[in-house]
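1. model this:
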Amino acid sequence: MARGGRIDLGSRHLRATAADGLLRVVIDRPARRNALTIEMYHGLKKAAVLAERDPAIDVLLVTAAGDTFCVGGEMGGQHEGGQPLDRETDGFDLLPFVQFERCPKIVMLAVNGMCQGGGLNMVLTSDLVLASARATFRAPELLRGVADCFLGARLASRIGMARAKYLLFTAQPATAAEALAMGLIARVVPHDELEDAVAETVEGVRQTAPAARRALKRDFNRQLPPIDFTMFAESLASDEVREGFAAFVEKRPPRWIRRPK
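-> Modelled structure (predicted):
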């Protein structure tokens, strides 16, 4: 892996560098509020693989440029198209979330602003999440007709059933202070102190024993519920998702069809 120079993650919207035990990835697509293309999702997964393989790396950090952390996946069809990615056969393997949990290194997020959708899934599958006081967190998937398997498997185990159901079934945002109080994130700092807090936290992690750290991460994650990929796949192929995405693109309320069970 390159030291100090740019690391190619296969997306022009991801900037990655490695130095001093840290693999740093910056999501850099502010014109689309850092919405993740297929190539960006795959690049984030690649970063976790590279961090795992490099004995010099202790922490994988993901942060973002601009005023937004990540609004989730690209819903306007504006993918990059430069990578030979087969979305039909690779399916969920393109996504980084399981790889974040499998990675034996510490996966850290520095959330600088709005975080929802796939951004929230990264929060739930990372180890340490620091947030600016300006950050907000939201799960709008049900507004799009999506039964998201990562939210179903991880949100309640992080913040409790009652709060998870409230966030999912109302799609209401939570402030950084509220997210901290419910246990969704680890630390909130003033916006202009986020970089310093990240550096301090990375240094703290690097003082701990790497083999013991890996073992504890594995032991923590052994307790996590299974992820229902079948439910997610069926949801993504549903009429509700087609209507939810169309409503989003057309900037109108979704017109759900309510059928008797």
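2. in the protein, which spans are strands?
-> Using DSSP state E, the strands of the chain run over residues 14-19, 22-27, 59-64, 68-70, 106-111, 114-116, 128-132, 136-138, 174-175, 187-189.
3. Between those, which one is closest to residue 149.
-> strand 114-116 (16.6 Å; C-beta to C-beta). Using the backbone N, CA and C atoms, a C-beta is placed for each residue, glycine as well.
4. helices or strands up against that closest one?
-> Applying 3 or more C-beta pairs under 8 Å, 6 or more residues apart in numbering; DSSP states H and E, we find strand 114-116 packed against strand 68-70, strand 136-138.
5. please redo it, this time with the cut-off set to 10 Å
-> Applying 3 or more C-beta pairs under 10 Å, 6 or more residues apart in numbering; DSSP states H and E, we find strand 114-116 packed against strand 68-70, helix 118-125, strand 136-138.
6. Partner strands of the first one and their direction?
-> Here strand 68-70 is paired, per DSSP bridges, with strand 114-116 (parallel).
7. And the partner strand, how far out from the chain middle?
-> In terms of C-alpha atoms, centre = their mean, to the nearest Å, the centre of strand 114-116 is set 9 Å apart from its chain centre.
8. Output the strands of the chain in CSV, with distance to residue 211, mean neighbour count and mean pLDDT appended to each entry.
-> Putting these into CSV (distance: least, C-beta to C-beta, whole Å; neighbours: other C-beta atoms under 10 Å; pLDDT from 0 to 100) gives the following:
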stretch, distance to residue 211, mean neighbour count, mean pLDDT
strand 14-19, 21, 19, 97
strand 22-27, 19, 22, 98
strand 59-64, 15, 24, 98
strand 68-70, 32, 28, 98
strand 106-111, 13, 26, 98
strand 114-116, 32, 25, 98
strand 128-132, 19, 24, 98
strand 136-138, 33, 21, 98
strand 174-175, 36, 19, 98
strand 187-189, 25, 19, 98
